[in-house]
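K.L.:
Next one to model:
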Amino acid sequence: MLKFLKVLICAFAVVFAANAQAKTVDKVVAVINDNIITQSDLNARFELVMRNLSKNPSRDEQRLLLFRTLNSMIDESLLQQYAAQRGFTVRQSDVDLAIARFEQSRGLPQGAYAKITAGVEESAKQQIVSDLVLDQIVDRDLKSRVNIPNSEVDQLIRQLGAAQSRTEWEIAQIFIPVGESEGAEANAKSLADTAYARAEKEDDFSSVAKDYNTGGTPLDGYLGWFGEGEMVPTLEEQIQKMSQGAVSKPVRSATGYHIIQVKGTRTLPGIRTEPVTEFKLKKTSYAKDDTTSEDELWVAAPDLSSQLKKVITALDVGDTTKKIDLGDEQVTYTLAAKKRALPAGLEDYRTRVRERLMESRLDLAVRRMMRDLRREAFIDVRL
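P.N.:
Residues are numbered from 1 along each chain as shown. The predicted structure follows:
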């Protein structure tokens, strides 16, 4: 009997120890309404973060990255709860397509993603699902709330049209968002300062950007060419002071800290905003061997040479010029039609300005939505 009791006590001790160990491993590190994040959930996601770093971070930097990782997972939980309430779903086929695009965008062979995420597949999938959920929320809920009136776009273009030339900057950025949780501001500032120190010292800005950029910003940080009025005023003011190749100190915007690199600059002619006269010309070419050829083209008055402009503008529809000697050949122009039209490229530029403004406003709308979701939620961080 005593032997049986000893065995029973030992069995209880083993079970108790196993349960205690399981509770230690899987302790709750955050509660978000009815959802939880466990230590093992956080460990898996942090492992994924560490695998994508180009350099081993210091202990202090690991602490900052762990804080950001947990806050990202809290945001993901809030997004998925919001999506569930709205009836948004993500299919496995959507996840598979996102993985394929990930591999293609980075020049990776098919199946590379599975190797990168081996052992933490579920955490990686949850991250993809959250990104896809956010895309649905933006498309279905937020875009309809963001209005870019034509008057705003036209006013900006008119301002640019008043100048003889305009400057554009080719930029890349490292973006560290500032969340709503306690300590988020200090954590983001410390992480931004660390990223800036590396970006200033190392030659490859894109490599540094890949270690710090998260969803919403291109992984390598490259944003492309931007003109005046297409950026957040705080950032544009900073960029105007920078030379090509320079890297800015962290700049605080409404949504977080930006570290900007100016990769290139270019000066372009001012934007034409007033309607111009366009001519439809039938061009007849007379070669020295007596052969002829014909061509038709539309050309705007400002694009004609001063001499040809004087000749063409004097024509009525149906009139033909005298032969004009161009050296290798002689040509005549017959005016087939003419019209008043907006300058070529103006509509394309208007579309570009609108898209850039929309991107900026949507980004701000997402940040505000996340702020509101956090304020309305019960969140208990136990890390």
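K.L.:
where are the low-confidence patches of the stretch 251-383 of the chain?
P.N.:
Judged against pLDDT under 70, the stretch 251-383 of the chain has no low-scoring part.
K.L.:
Helices along that one, start to end?
P.N.:
306-313, 346-376 (DSSP state H, counting those that start in this stretch).
K.L.:
Serialize these to TSV and add fields for distance to Tyr196 and mean neighbour count.
P.N.:
Every residue, glycine included, has its C-beta placed from N, CA and C. Formatted as TSV, the helices of the stretch 251-383 of the chain follow (distance: least, C-beta to C-beta, whole Å; neighbours: other C-beta atoms under 10 Å):
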stretch	distance to Tyr196	mean neighbour count
helix 306-313	51	13
helix 346-376	21	16
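K.L.:
Which of those helices sits closest to Gln155?
P.N.:
For those, proximity to Gln155 was assessed by C-beta to C-beta; helix 346-376 is nearest, at 10.5 Å.
K.L.:
helices and strands around that closest one, which ones?
P.N.:
helix 59-86, helix 150-161 (3 or more C-beta pairs under 8 Å, 6 or more residues apart in numbering; DSSP states H and E).
K.L.:
so the longest one versus helix 346-376, what angle?
P.N.:
The one in question is helix 59-86. Angle between the axes of helix 59-86 and helix 346-376 is 90 degrees (criterion: axes from the mean of the first three to the mean of the last three C-alpha atoms, to 10 degrees).
K.L.:
same question, the last one
P.N.:
Regarding helix 150-161 and helix 346-376, their directions subtend 120 degrees when assessed with the same axes, to 10 degrees.
K.L.:
immediately after helix 150-161, which helix or strand?
P.N.:
Tracing the chain past helix 150-161, the next element assigned as helix or strand by DSSP states H and E is strand 165-177.
K.L.:
ok, and which of the helices and strands packed on helix 346-376 has the densest surroundings?
P.N.:
Among those, helix 59-86 has the highest mean neighbour count (mean count of other C-beta atoms under 10 Å), at a mean of 18.
K.L.:
Okay, buried residues for the following helix or strand past it please.
P.N.:
Counting by DSSP H and E, the next helix or strand C-terminal to helix 59-86 is helix 92-105. For helix 92-105, the neighbour count (16 or more other C-beta atoms under 10 Å) marks Asp94, Val95, Ala98, Ile99, Glu103 as buried.
K.L.:
Now do the contacts for the first one.
P.N.:
This means Asp94. By C-beta atoms under 8 Å, 6 or more residues apart in numbering, the contact set of Asp94 is Leu132.
K.L.:
picking that back up, okay if I get the helices of the stretch 251-383 of the chain as TSV plus distance to Arg252?
P.N.:
What follows is these, written out as TSV (distance: least, C-beta to C-beta, whole Å):
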stretch	distance to Arg252
helix 306-313	51
helix 346-376	13
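K.L.:
closest to Pro275 out of the ones you listed?
P.N.:
helix 346-376 (9.6 Å).
K.L.:
Just give me how far the closest one sits from the chain centre.
P.N.:
With C-alpha atoms, centre = their mean, to the nearest Å as the basis, helix 346-376 stands 11 Å off its chain's centre.
K.L.:
now stretch 88-98
P.N.:
21 Å.
K.L.:
got it, and stretch 271-291?
P.N.:
41 Å.
K.L.:
ok, and what's touching it?
P.N.:
157-158, 160-161, 166, 292-302, 312-313, 323, 328-343, 346, 349.
K.L.:
Between the two ends of it, how far is it?
P.N.:
End-to-end span of stretch 271-291 (C-alpha to C-alpha, to the nearest Å): 41 Å.
K.L.:
which residues pair with the nearest residue to Ile379 once chain neighbours are set aside across the strands?
P.N.:
Nearest in space to Ile379, with sequence neighbours left out and distances taken as C-beta to C-beta, 6 or more residues apart in numbering, is Ile32 at 5.5 Å. Beta-bridge partners recorded for Ile32 (DSSP bridges): Asn35, Ile379.
K.L.:
so what pLDDT did Ile32 get?
P.N.:
pLDDT recorded at Ile32 is 96.
K.L.:
could you show me where the strands are in the stretch 151-300 of the chain, in order?
P.N.:
Here the stretch 151-300 of the chain has its strands, by DSSP state E, counting those that start in this stretch, at 165-177, 222-227, 251-252, 256-269, 276-287, 292-300.
K.L.:
nearest to Glu200, of the helices and strands packed on helix 346-376?
P.N.:
helix 59-86 (15.9 Å).
K.L.:
Return the distance of Leu134 relative to Val366.
P.N.:
7 Å (C-beta to C-beta, to the nearest Å).
K.L.:
If you could redo that for Val331, that was the one I meant.
P.N.:
57 Å.
K.L.:
again with Phe175
P.N.:
Distance, Phe175 to Val366, by C-beta to C-beta: 13 Å.
K.L.:
Then Arg68?
P.N.:
Distance, Arg68 to Val366, using C-beta to C-beta: 17 Å.
K.L.:
Can you name the next helix or strand after the strand or helix carrying Ile37?
P.N.:
If you go by DSSP H and E, Ile37 is part of strand 35-38. Moving toward the C-terminus from strand 35-38, the next helix or strand (DSSP H and E) is helix 39-51.
K.L.:
Alpha carbons of that following helix, as PDB, please.
P.N.:
Extracted in PDB, the C-alpha atoms of helix 39-51 (Å, rounded to 0.1, in the frame of the first residue of the first chain):
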ATOM      1  CA  GLN A  39       4.700  33.400 -24.700                       C
ATOM      2  CA  SER A  40       5.100  30.700 -27.300                       C
ATOM      3  CA  ASP A  41       3.200  32.800 -29.800                       C
ATOM      4  CA  LEU A  42       5.500  35.700 -29.200                       C
ATOM      5  CA  ASN A  43       8.600  33.500 -29.300                       C
ATOM      6  CA  ALA A  44       7.600  32.100 -32.700                       C
ATOM      7  CA  ARG A  45       7.000  35.600 -34.200                       C
ATOM      8  CA  PHE A  46      10.200  37.000 -32.700                       C
ATOM      9  CA  GLU A  47      12.100  34.000 -34.200                       C
ATOM     10  CA  LEU A  48      10.700  35.000 -37.600                       C
ATOM     11  CA  VAL A  49      11.800  38.600 -37.000                       C
ATOM     12  CA  MET A  50      15.300  37.500 -36.100                       C
ATOM     13  CA  ARG A  51      15.700  35.300 -39.100                       C
END
